[in-house]
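Colleague: the following comprises the amino acid sequence and a computationally predicted model.
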Amino acid sequence: MKKSLFLTALLGLLFAVSGPWSISTAVAVEPGDTLWTRTYGGSLDDQPYAVQQTTDGGYIIAGYTGSYPSYDVYLVKTDPDGDTLWTRTHGGSDYEKAFAVQQTTDGGYIVAGETWSVGGGDVYLLKTDADGDTLWTRTYGGSGWDGAYSTQQTTDGGYIISGFFELPVGGGWAIYLVKTAANGDSLWTRTYGQSDMNEGYCVRQTTDGGYMVAGYSGDWGEEDLYLVKTDTNGDTLWTRTYGGSESDWAQSVRQTTDGGYIVAGSTNSFGAGDYDFYLLKTDSSGDTLWTRTYGGSDLDVGFSVQQTTDGGYIVAGGTFSFGAGQIDCYLLKTDPNGGTLWTHTYGGSRDEQAYSVRQTADGGYIIAARTNSFGAGAFDVWLLKLVSDIEPDVAIEIVPDDPPVTVPQGGSFGFTGTLTNNIEDPQVSDAWTMAVGPQKETYGPFKMRNDVELDPFETRTAQFNQRVANLAPLGFYTYIAYCGEYPSTAIDSSFFQVEVIAGAPGGGEDIGWVLMGSFSEGETDLPSEFALLSNYPNPFNAQTVIQYQLPASSSVKLEVYNLFGQKVATLVDGQQEAGYESVSWDASEVSSGLYFYKLTAGDFTEVKRMTLLR
């Protein structure tokens, strides 16, 4: 039976929480909840405009910095937890800003914005390698002020750029489209517009090889949302304007799975307040299918939109109508017809503004924003990772019997586990548990349930009991249950807090962490496979516990070796029955250093390492 597994999110939900935690019962994660946030920047203004998840699971952020040293392109590369891998600044003697970034097929990045160091207000295109170091730069434009807001690598390996071009007569601006080769050399340029005021905030290559440009066109204060559809050479196929008697403009456009387009921006012609979020859905010809406005009585502006895997849309911007501060980040999730599913605000007592949102591989969202409430400077780059709002095919929940859970070393606690099939097809799922200790060390998996069969919409409930090791470090633990495909893919998780306190002196033989119970009726409490688990504590002084599991009676040998391959201890040598085993090693007679422990059980062999510190 095929398993339907679609999210890869091991340990992601809990490890950003810092203990001790206030959570003492099972936690229901709500859509839009923050998984973690990070700030980047110095003492002056630092601002992002774009973020993208990269192929390694981390993120690339582009904007500008006034802190390092002043008003240069600012690139930040992070790991999947938002921790900085590197930062880069790019620019000359005057100022540069980046408004768009994309990872390219060679693993590097393409960055677009504007420069005043070369040419005095030109479109700026920067190509970097995977480490953010410059491979080449290009500038485009005329004698006036020109800039770029959006770029994308095209199917031929080159790039498409949209922005604005100052007209040589009259001082207005036209939408500016530049197509380049892979080395950045210009292949053609085009300008579009119906008045003296036109800007192209976003461009995307379409499935027919042409391009869709979104922005605005019109007199100042009376602009209309403006779409331009071109062929592969940039020649106009059609244009459309949308809006009312006041200002309306587009900041973001994406082609949708039906071949049409979703456009996000702001409107002062419609809605409840000063400006409102403006969401427009068109068919492939640009004809309106529906429009929606979102917001309150004050100013609300939309900057970024993306179609989500459920067919709906995620929109990000800023709000003066809601939230905690002056302006807050505003996130809106809709169904495929633009109906509101949920909204969320993020921010503190001062100003925050979201500029870019993307759905991530785990079904959650990443937001690039600026913040004046948090961080080190006047404004800092603010990265927010949100949990997934996708209902998994199979869901798991664990609820402790007697919260809050406090257990002595060597004691145990009980909990109820529930495994649910949320769809109309039969499902098969694994289920397992782990614990994250006071220093973020991990224990487990304590026990795994393989191939639990669930009928359509079936819910299966079972009672479990978890024994805590005699030598478990004291403090707060996060106890986690996962379902999915063990151990690489977790499609859902549930957790609660456990506090481990000191046990009675001389607590007897340490048999480690052992989980009793099963989702499968009649299943014995035996492991399903051979496994050598991580020792704990690690590093240690001078005693540690080594755990392993045997699915069948086996001839077992457990040995310890030093860094030179010399055997220093034999902990087990003989026949053992199936079950969970735990052995203590007293290393008081050996010197500090790195050691390896090797388990041989029948044809199974595994080696792990541990560190002795005195």
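Modeller: Noted; the coordinates are in hand. Residues are numbered from 1 along each chain as shown.

Colleague: would you map the strands across the stretch 501-614 of the chain?
Modeller: Remark: strands assigned in the stretch 501-614 of the chain by DSSP state E, counting those that start in this stretch are 514-516, 531-532, 543-550, 554-562, 567-576, 579-586, 593-601, 604-612.

Colleague: now render these as CSV, adding mean pLDDT and distance to Asp402.
Modeller: No exception for glycine: its C-beta is placed from N, CA and C like everyone else's. Converted to CSV, the strands of the stretch 501-614 of the chain look like this (pLDDT from 0 to 100; distance: least, CB to CB, whole Å):
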stretch, mean pLDDT, distance to Asp402
strand 514-516, 83, 17
strand 531-532, 84, 30
strand 543-550, 84, 26
strand 554-562, 95, 36
strand 567-576, 94, 34
strand 579-586, 83, 24
strand 593-601, 94, 36
strand 604-612, 91, 34
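
Colleague: please identify the most buried of the ones you listed.
Modeller: strand 543-550 (a mean of 22; mean count of other CB atoms under 10 Å).

Colleague: just the residues contacting that one, thanks.
Modeller: Contacts to strand 543-550, defined as CB atoms under 8 Å, 6 or more residues apart in numbering, come from residues 469-471, 510, 512-513, 527, 529-538, 556, 558, 571, 576-588, 597, 599, 601, 610.

Colleague: so how far is that strand from its chain's centroid?
Modeller: Between the centre of strand 543-550 and the centre of its chain there are 34 Å (CA atoms, centre = their mean, to the nearest Å).

Colleague: check the closest residue to Phe464 other than its chain neighbours and give its pLDDT.
Modeller: Closest residue to Phe464 apart from its sequence neighbours, by CB to CB, 6 or more residues apart in numbering: Gly517 at 3.4 Å. The model reports Gly517 with a pLDDT of 82.

Colleague: list the contacts of Gly517.
Modeller: Shown in contact with Gly517 (CB under 8 Å, 6+ apart): Gly417, Ala462, Gln463, Phe464, Asn465, Asp525.

Colleague: who wins for neighbours among these?
Modeller: For the contacts of Gly517, the largest neighbour count, defined by other CB atoms under 10 Å, is 22 neighbours, found at Gly417.

Colleague: dump the residue contacts of Glu223.
Modeller: Contacts of Glu223 by CB under 8 Å, 6+ apart are Met197, Tyr216, Ser217, Gly243, Ser247, Asp248, Trp249.

Colleague: again, but for Met212
Modeller: Contacts of Met212 by CB under 8 Å, 6+ apart are Val203, Arg204, Thr206, Leu227, Val228, Lys229, Thr230, Val253, Gln255, Tyr261.

Colleague: residues touching the second one, list them.
Modeller: Arg204 makes contacts with Gln152, Tyr211, Met212, Val253, Arg254, Gln255, as judged by CB under 8 Å, 6+ apart.

Colleague: so what's the residue nearest to the first one when sequence neighbours are not counted bridging to?
Modeller: Distance criterion CB to CB, 6+ apart; nearest residue to Gln152, sequence neighbours excluded, is Ile160 at 5.4 Å. Counting by DSSP bridges, Ile160 forms beta bridges with Gln152, Lys179.

Colleague: Ile160: neighbouring residues, count only.
Modeller: Number of residues near Ile160 (other CB under 10 Å) recorded here: 22.

Colleague: ok, back up a step: tell me which of the strands of the stretch 501-614 of the chain lies nearest to Val305.
Modeller: strand 514-516 (44.6 Å; CB to CB).

Colleague: please list all residues in contact with the residue lying closest to Ser297 once chain neighbours are set aside.
Modeller: Computed as CB to CB, 6+ apart, the closest residue to Ser297 that is not its neighbour in sequence is Gly273, at 4.6 Å. Taking CB under 8 Å, 6+ apart, we find Gly273 in contact with Gly295, Gly296, Ser297, Asp298, Leu299, Asp300, Ser321.

Colleague: what about 10 Å?
Modeller: The contact partners of Gly273, by CB atoms under 10 Å, 6 or more residues apart in numbering, come to Thr293, Gly295, Gly296, Ser297, Asp298, Leu299, Asp300, Thr319, Phe320, Ser321.

Colleague: make a ChimeraX selection of the buried ones in those.
Modeller: Buried members of the contacts of Gly273, defined by 16 or more other CB atoms under 10 Å, are picked up in ChimeraX with:
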select :293,295,296,299,300,319,320,321
